[in-house]
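Participant: no sequence on this one, just coordinates:
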């Protein structure tokens, strides 16, 4: 499941453009995925270390500094591959489960 | 920000900073992790423990994530280069001394130093300079954060005095004891190899000292 959550978060960063942690959590929540901060931030750090997202710090307006995330070209390519793989996998699963409970 | 929230956040950040330092998470990463937590809590109004869990568990998870992703202390390579170079230099000098013998020791000193000896000296000097200049610089960057953190930076409410149990149960204590044991066992056999442990030992002592000054958790 970890790979799927990585994919969902990477897709959220791609969808939102330059975004920060809280805005990503809200975006994910609107689409039915509720993540805790304790899950999101280490995951984003891993994506950053893998070169899939780039980050920059900007000072907050009277508040704390914010870390903004943007998908890199490498991240976009990984996202495309991941989505392709997920669709293939989910179609196979759906084909196997199609007749379950129809009797 | 509500006072209680501010106190809970400061307390959480201090504990998280301590737990992140113990597994040697690089200082810039520690600073960023603490800023993430601070920004998140102020944005959402959530309690830090609700959003991130216990500081020790969160630090452990984050440290494992960073280690798996290959994020390490940037000075580590410099320190190892310095140690290896010193070791090679020491072996070389001992070999010269043995080869020369007592009668010819004076003559051996007059042998022109080969080029690689100078390279070794340059390498050792460069490595040690990196170790002593770059590392404190990185540490200073961490301390100079506008909202300091780590072992001793975040403010602690009240003037609390810990009991013996608080110190005994503190995570720094266990690490301190373990490092001290490693240090004592390896001291004679691997004088160069314990440099890193000695550094960690110093850090653990510092963190423990801070916890004793500021009170129980």
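Facilitator: That came through, no problem. Fair warning: this is a prediction, and the values are worked out from it, not measured in the lab. Residues are numbered from 1 along each chain as shown, chains lettered A, B, ... in the order given.
Participant: Do a quick rundown of the strands in chain A.
Facilitator: A:19-20, A:53-58, A:66-71 (DSSP state E).
Participant: can you put those in CSV and add mean pLDDT and distance to residue B:118?
Facilitator: C-beta coordinates here come from the backbone N, C-alpha and C atoms, glycine included. Formatted as CSV, the strands of chain A follow (pLDDT from 0 to 100; distance: least, C-beta to C-beta, whole Å):
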stretch, mean pLDDT, distance to residue B:118
strand A:19-20, 91, 52
strand A:53-58, 90, 42
strand A:66-71, 92, 46
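Participant: and chain A, which of its residues are near chain B?
Facilitator: Contact residues, chain A versus chain B (C-beta under 8 Å from any C-beta of the partner chain): A:20-22, A:25, A:36-38, A:41-43, A:45-46, A:49-50, A:57, A:60, A:63-67.
Participant: mind redoing it with 10 Å?
Facilitator: Within chain A, the positions lying close to chain B (C-beta under 10 Å from any C-beta of the partner chain) are A:20-23, A:25-26, A:36-50, A:55, A:57, A:59-60, A:63-67.
Participant: Going through those residues, which ones are buried?
Facilitator: Neighbour counting by 16 or more other C-beta atoms under 10 Å in any protein chain shown classes A:20-23, A:25, A:37-49, A:64-67 among those as buried.
Participant: Pull up the gap between residue A:53 and residue A:20, please.
Facilitator: Distance, residue A:53 to residue A:20, using C-beta to C-beta, to the nearest Å: 12 Å.
Participant: Please apply the same query to residue A:49.
Facilitator: In this view, residue A:49 and residue A:20 are 18 Å apart by C-beta to C-beta.
Participant: Tell me who's in contact with residue A:18.
Facilitator: A:54, A:56, A:58, A:68-71 (C-beta atoms under 10 Å, 6 or more residues apart in numbering or on different chains).
Participant: what do you get if the cut-off is 8 Å, keeping everything else the same?
Facilitator: Counting by C-beta atoms under 8 Å, 6 or more residues apart in numbering or on different chains, residue A:18 touches A:68-70.
Participant: Please apply the same query to residue A:43.
Facilitator: Residue A:43 neighbours (C-beta under 8 Å, 6+ apart): A:5-6, A:9, B:65.
Participant: ranking the contacts of residue A:18 by neighbours, who comes first?
Facilitator: residue A:69 (27 neighbours; other C-beta atoms under 10 Å in any protein chain shown).
Participant: List the residue ranges of the chain that fall below the pLDDT cut-off.
Facilitator: In the absence of a named chain, chain A is used. Within chain A, the ranges that satisfy pLDDT under 70 run A:1-2, A:60-64, A:103.
Participant: my bad, chain B
Facilitator: B:1-5, B:23, B:71-83, B:96-117, B:119-120, B:123-124, B:126-217.
Participant: Any residues of it in contact with chain A? List them.
Facilitator: When proximity is defined by C-beta under 8 Å from any C-beta, chain B lies next to chain A at B:29, B:32-33, B:35-40, B:42-44, B:46, B:51-53, B:58, B:61-62, B:65-66, B:68-71, B:147.
Participant: can you do 6 Å?
Facilitator: B:35-36, B:38-40, B:42-43, B:51-53, B:58, B:61-62, B:65, B:69, B:71 (C-beta under 6 Å from any C-beta of the partner chain).
Participant: Pull the most distant pair out of those.
Facilitator: Spanning the widest gap among those are B:42 and B:69, at 26.8 Å by C-beta to C-beta.
Participant: Identify the residues contacting residue A:13.
Facilitator: By C-beta atoms under 6 Å, 6 or more residues apart in numbering or on different chains, the contact set of residue A:13 is A:53, A:69, A:71.
Participant: which ones are touching the first one?
Facilitator: Okay, so that is residue A:53. Counting by C-beta under 6 Å, 6+ apart, residue A:53 has contacts A:13, A:47, A:69, A:71, A:75.
Participant: Run through the bridge partners of it.
Facilitator: For residue A:53, the beta-bridge partners are residue A:71 (DSSP bridges).
Participant: which non-adjacent residue is nearest the residue of chain A found nearest chain B?
Facilitator: Relative to chain B, the nearest point of chain A is residue A:49 (3.4 Å; C-beta to the nearest C-beta). Nearest residue to residue A:49 in three dimensions, chain neighbours excluded: residue B:69, at 3.4 Å (C-beta to C-beta, 6 or more residues apart in numbering or on different chains).
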